[in-house]
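**Student:** Any chance you can model this:
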Amino acid sequence: MDKWIVRDRYGNEIYFTEERWQHILASRPELEPYFDQFLETVRTGRRQQDSLVPNEYRYYKSFDELLPENSHLIMIVVFKKQLDDKGEYITNNFVVTGWANYLWS
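**Tutor:** Have a look, this model is predicted:
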């Protein structure tokens, strides 16, 4: 399975799998040309913490090529820690889903 690893503007390593990319395209096939922009959204976009799920963040970034129907790509990232084989905690930050939307500035 393909997996892309990016570092966000806050220094966090986040991975995005082929399975999650196919999940996005299953309901939004028109977003297929924007794969690189989705990665860029995680790398350099702004984020907002979910008020009900504190380890979940919404990353968003505007792209002119999405206009006029949409203005931003949005990705949901979950931050977790898990135990490795040595019993030490390691980060496990991953993309859950993404979509395009029109957000007012």
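
**Student:** For this structure, just list every one of the strands.
**Tutor:** 3-7, 13-17, 46-49, 56-62, 72-78, 81-83, 89-91, 94-101 (DSSP state E).

**Student:** Please name whichever of those is nearest to Leu31.
**Tutor:** Closest of those to Leu31 is strand 94-101, at 6.0 Å (criterion: Cβ to Cβ). Where you see a C-beta, it was placed from the backbone N, CA and C, and this is true even at glycine.

**Student:** Show me what counts as buried in that closest one.
**Tutor:** 94-95, 98, 100 (16 or more other Cβ atoms under 10 Å).

**Student:** Now flag whichever of those is closest to Asn12.
**Tutor:** Relative to Asn12, and with distances defined as Cβ to Cβ, the nearest of the buried residues of strand 94-101 is Phe94, at 10.9 Å.

**Student:** Kindly state the beta-bridge partners for the nearest residue to that closest one once chain neighbours are set aside.
**Tutor:** Spatially, and ignoring its direct neighbours in sequence, Phe94 is nearest to Tyr15 (5.3 Å; Cβ to Cβ, 6 or more residues apart in numbering). In this entry, Tyr15 is beta-bridged to Ile5, Phe94, by DSSP bridges.
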